[in-house]
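Participant: Provided below for reference: sequence and predicted model.
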Amino acid sequence: MSSPARPNYITPAGMMALRAEYDRLLSDERPKIVEIVSWAAGNGDRSENGDYLYGRKRMREIDRRLRWLSERMKAARVIDPRQQPDRSRIFFGATVTIADEDDQQRNVTIVGNDEADAGEGRIGWDTPLARALRGATVGDLRRVFLPGGEKEWEVVEISYPGDAVPTAPEAT
């Protein structure tokens, strides 16, 4: 497995989550499976030994996940959104309120691809919506081309972790 050509941007919290999963698999789950496989192997015929067969399969899954996590952590470039100097524009780590043509608002936080969870409002840096929003300021309209068709969003508010007050339109 080769490293991605582009950096794997990730927040400090996202990196901690990857590290925690890696550590849990390596120090907790894998040793338990190794113990089960060793015990099952000592029970004789392995061809019909469910504990042995399942254990070997699970160990391969864990090892595959450990390799993937290791590669992602090696390629990771940790970016702390709290250090963003220009908080008036949308960059990595921004939490953004956007409104569509029907004035339906949605909050999204732009995070690393490995920590994205659309159901929680965290969208990956390389998603079409995040790419369209990059560099936008409050009041900008951004057109997004999605599989379901084209959609236009207006940037209503931008904030970053540690902001006292989000960046919103100025009163006139």
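Facilitator: Alright, I've got the coordinates. Numbering: from 1, shown residues only.
Participant: kindly state the pLDDT recorded for the residue of the chain most remote from its centre?
Facilitator: Farthest-out residue of the chain from its mean C-alpha position, per C-alpha atoms, centre = their mean: G44, at 43.9 Å. If you check G44, the pLDDT there is 71.
Participant: which secondary structure element contains it?
Facilitator: According to DSSP states H and E, G44 maps onto no helix or strand at all.
Participant: how about the helices of this structure, start to end?
Facilitator: Remark: helices assigned in the chain by DSSP state H are 12-24, 30-41, 50-75, 128-133.
Participant: quick one: closest of those to F92.
Facilitator: Distance to F92, taken as C-beta to C-beta, is lowest for helix 128-133 among the helices of the chain, at 8.8 Å. Bear in mind the C-beta positions are built from the backbone N, C-alpha and C, glycine included.
Participant: in the closest one, which of the residues would be classed as buried?
Facilitator: 129-130, 132-133 (16 or more other C-beta atoms under 10 Å).
Participant: quick one, what contacts A76?
Facilitator: For A76, the contact set (C-beta atoms under 8 Å, 6 or more residues apart in numbering) comprises 7-10, 15, 18, 112, 114.
Participant: helices or strands up against the longest strand along the chain?
Facilitator: Across the chain, the strand with the greatest residue count (assigned by DSSP state E) is strand 149-159. Identification of packing neighbours for strand 149-159 by 3 or more C-beta pairs under 8 Å, 6 or more residues apart in numbering; DSSP states H and E yields strand 95-99, helix 128-133, strand 141-146.
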